[in-house]
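Enquirer: can you look at this prediction? I've put the sequence above it.
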Number of protein chains: 2
Amino acid sequence: MNSISNPIVAARMADIEPFHVMEVQERAHKLEAQGRRIVHMEIGQPDFPAPPQVVEAAIDAMRSRSLGYTSSLGLPELRAAIANFYVERYGVAVPAERIIVTVGASGAFLLALGALVGAGDEVLMSDPCYPCNRHFVRIFDARPASIPVDEQRNFQLTAADIRQHWRSRTRGVMLASPSNPTGTTIPAPELRAIIEEVRGRGGFIIADEIYLGLTYGEKFTTALSLSEQIFVVNSFSKYFNMTGWRLGWMVAPESYLREVEKLAQNLFICPPAPAQYGALAAFRPDALALLENRRREFQQRRDYMVPALKALGFSVPVMPQGAFYIYAGVERFAPDSHEFALQVLDRAGVAITPGLDFGKNRPERFVRIAYTQALEELQEGIRRLGKMPGA
Amino acid sequence: MNSISNPIVAARMADIEPFHVMEVQERAHKLEAQGRRIVHMEIGQPDFPAPPQVVEAAIDAMRSRSLGYTSSLGLPELRAAIANFYVERYGVAVPAERIIVTVGASGAFLLALGALVGAGDEVLMSDPCYPCNRHFVRIFDARPASIPVDEQRNFQLTAADIRQHWRSRTRGVMLASPSNPTGTTIPAPELRAIIEEVRGRGGFIIADEIYLGLTYGEKFTTALSLSEQIFVVNSFSKYFNMTGWRLGWMVAPESYLREVEKLAQNLFICPPAPAQYGALAAFRPDALALLENRRREFQQRRDYMVPALKALGFSVPVMPQGAFYIYAGVERFAPDSHEFALQVLDRAGVAITPGLDFGKNRPERFVRIAYTQALEELQEGIRRLGKMPGA
């Protein structure tokens, strides 16, 4: 990957991979430029725009304020609004002081891992998992230690995994619930057991909850209800439909606030101000009502997609409980999901994400199918997939 | 600094310092809460809001687009607009492909250094310099090697410094012209000599040009006119008055684009979309005319402040050619500029930044005075400073 013409490249770069889905997307855009219509099931962001309340609040701020740097930790009123949201929606009291507004969830991962790990350290995480997770760890010269998780275990880590894989150089664990790419969650009793297990070893937990609001069916709550000593990452991108605004937040243990603040000052100065003023309106009752309607629409899509994919011959061994992804097995269609994704694009005009982006645990068996399009478009996608040989 | 209660803290954190000016600012805010009026000469951002063209372009985009993720490298049309700006204003042809839009200049430093350095590497930089520079290097587990520069040499590095301080583990050099905190620039012949010197050693150069548009008097151009093999960092924060929007850019050598793109995808996903759409309007002739008026206002302020400070007894050994800072010696007033800054705040109600934030090279002798307030407010500040013992 490193160009031979570069005299200086950091060692870490050999382990930082590009998003493989970009190859699918670039090819899709080429086909579209040739006049072909593509159904996009590869996209990891909601098809909904930010709620109009958010847009108007941002516009008000842009017209009435000069939008200079905010506090490095975010607007105090936004931190308070997030704290209030935890109480109202999840019944969990989180002091606003522990809430740090960040440049997307990405910024939160950089702050947490930058404060926690360095060369020689290892961080446990599931495979498959969100591809950036292992890269965030690697960027700080620590090593991701991926634990293969399969459909029999809900594609999630367990306390038993922690026990089995913890080594002397292990410093902590990254979890995601609901997870990208599988949409599965960690049941509260298992999460409690994981927290106990890690606490007993003096390690840290970073819990990715950026899909927290997007669960379907079961009542689901934040890991913050179980411990004040874990790092929890959240985002305005997914549930709040504000991807391009680049705003997220982190809840940190109180003892780490000073470290995180130093890093936030130096790495980012502050999160984007237009997004912060907009986000203040995201917690208004009318905005939340709109977002709940959208959540129900995601649920309808999931409830359509899972049986439709199964009927075509995809395997969906675990019903995804959240996010907007289905991690589907393609064993009936092809031995290599990467090849398959490119074939599906060329032959059926449907873009999907190959498993390759999510790790090394049998990625050739899976593709990630996102239901971030209107139901009619998903139906068109299913119709097209039905024409693939093997369906 | 590290709390004893934290079982796990990355080793780098011991070297990451908070901004010392925050102590001054917090104290200033306390005084203001008590009803006292403070003159703010500590603030490193323009007092002007973003140009109205920028605000309206961002509002148009917010109302007409859903503002999802953009390309990781930024909107193609914004990269083209920046390329065009280099041609129009500086007569330098920079291919848009080499321009990467970033989350502030901070994001650009993270991408460049993340791709370039790791444990065991050293990076040369001047002392004093922008405090985050040494921290950006340290975050990637490399070491800043600070070279003391004094007023006799314009507070800037020379090719002779590079020769003298280059060691086997040195990987490159960070420069800033115009510089924060001194406002001084590197003359083109010296810059050319530095580039030659570093090239001969196979090292990299990261040139911070975030104050490039803010120079007064002399004709000044970008280091891009001298080499295609250096990294150049710029920002919409200073000249374009968009601090809180968090948008910057980097020009990278062509051979590094793939590495930088991988990092950008993984660290940031993309820069904030509202800011990017707004920034498209920053290059309109009417916006640039407004910004040039503001630049002239900064020049007037500098031309007022430097003699006024000298008349009070501050030493200003080098006339700052750019940015909006004066690095002023306080030897006539106090042996310790940090103490002095707190005294000036308490007694005179003027907030200034102690030299401590900018390095270890005689910081006790200097304060940074920013002229980011209207002339009348600066006059009030000078009047107040005139009441300090010693003035």
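Expert: On my side now, so go ahead.
Enquirer: for the stretch 151-300 of chain A, which residues are neighbours of chain B?
Expert: A:171-172, A:202-204, A:242-246, A:255-256, A:258-259, A:261-263, A:265-275 (C-beta under 8 Å from any C-beta of the partner chain). All C-beta spots, glycine's among them, are computed from the backbone N, C-alpha and C.
Enquirer: and if we set it to 6 Å?
Expert: Neighbours of chain B within the stretch 151-300 of chain A, by C-beta under 6 Å from any C-beta of the partner chain: A:171, A:202, A:204, A:243-244, A:246, A:255, A:259, A:262, A:265-266, A:268-269, A:272-274.
Enquirer: can you tell me which of the residues you listed is nearest residue A:374?
Expert: Among those, residue A:243 lies closest to residue A:374 (C-beta to C-beta), at 17.2 Å.
Enquirer: residue A:19 reaches residue B:265, doesn't it?
Expert: Yes. With contacts counted by C-beta atoms under 6 Å, residue A:19 reaches residue B:265, the gap being 5.4 Å.
Enquirer: hang on, the earlier thing: and which of the residues of the stretch 151-300 of chain A next to chain B is nearest to residue A:335?
Expert: residue A:243 (33.9 Å).
Enquirer: how many residues are close by that closest one?
Expert: 26 (other C-beta atoms under 10 Å in any protein chain shown).
Enquirer: I'd like the distance between it and residue B:137.
Expert: 31 Å (C-beta to C-beta, to the nearest Å).
Enquirer: which non-adjacent residue is nearest the residue of the stretch 251-391 of chain A found nearest chain B?
Expert: At 3.2 Å from chain B, residue A:273 is the closest residue in the stretch 251-391 of chain A, using C-beta to the nearest C-beta. Residue nearest to residue A:273 in three dimensions, not counting chain neighbours: residue B:244, with 3.2 Å by C-beta to C-beta, 6 or more residues apart in numbering or on different chains.
Enquirer: now the helices for the stretch 151-300 of chain A?
Expert: A:159-165, A:188-200, A:257-268, A:273-279, A:285-312 (DSSP state H, counting those that start in this stretch).
Enquirer: could these go into a markdown table alongside mean neighbour count and mean pLDDT?
Expert: As requested, the helices of the stretch 151-300 of chain A are exported to a markdown table (neighbours: other C-beta atoms under 10 Å in any protein chain shown; pLDDT from 0 to 100):
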| stretch | mean neighbour count | mean pLDDT |
| --- | --- | --- |
| helix A:159-165 | 16 | 98 |
| helix A:188-200 | 18 | 97 |
| helix A:257-268 | 23 | 94 |
| helix A:273-279 | 28 | 98 |
| helix A:285-312 | 16 | 98 |
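Enquirer: any chance of the ones you listed in CSV, plus distance to residue B:52?
Expert: Shown next, in CSV, are the helices of the stretch 151-300 of chain A (distance: least, C-beta to C-beta, whole Å):
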stretch, distance to residue B:52
helix A:159-165, 55
helix A:188-200, 50
helix A:257-268, 27
helix A:273-279, 15
helix A:285-312, 28
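Enquirer: which residues touch residue A:235?
Expert: A:105, A:210, A:248 (C-beta atoms under 6 Å, 6 or more residues apart in numbering or on different chains).
Enquirer: among those, who's most crowded?
Expert: In these, the most neighbours by other C-beta under 10 Å go to residue A:248, 27 neighbours.
Enquirer: before we move on, back to that, show me which pair in the residues of the stretch 151-300 of chain A next to chain B is furthest apart.
Expert: Longest span within these, C-beta to C-beta: A:202 and A:274, 40.9 Å.
Enquirer: so residue A:74: helix, strand or coil?
Expert: What DSSP: H, G, I helix; E, B strand; the rest coil gives for residue A:74 is coil.
Enquirer: is any part of stretch A:123-136 close to chain B?
Expert: Yes. Counting by C-beta under 6 Å from any C-beta, chain B has neighbours in stretch A:123-136: A:132, A:135.
Enquirer: mind listing what's buried in that stretch?
Expert: A:123-136 (16 or more other C-beta atoms under 10 Å in any protein chain shown).
Enquirer: burial count for the nearest residue to residue A:240 once chain neighbours are set aside?
Expert: Closest residue to residue A:240 apart from its sequence neighbours, by C-beta to C-beta, 6+ apart: residue A:282 at 4.9 Å. Residue A:282 has 25 neighbouring residues, counting by other C-beta under 10 Å.
Enquirer: and the pLDDT at residue A:282?
Expert: Here the pLDDT value assigned to residue A:282 is 98.
Enquirer: what do you get for residue A:219?
Expert: Per-residue confidence (pLDDT) for residue A:219: 78.
Enquirer: quick check: it vs residue A:228, distance?
Expert: From residue A:219 to residue A:228 the distance is 22 Å (C-beta to C-beta).
Enquirer: the two - which one has more neighbours?
Expert: residue A:228 (15 against 6).
Enquirer: tell me the confidence at that one?
Expert: Predicted confidence (pLDDT) for residue A:228: 96.
Enquirer: now do residue A:390
Expert: Reading off the model, residue A:390 has pLDDT 86.
Enquirer: residues contacting it?
Expert: Residue A:390 touches A:332-333, counting by C-beta under 6 Å, 6+ apart.
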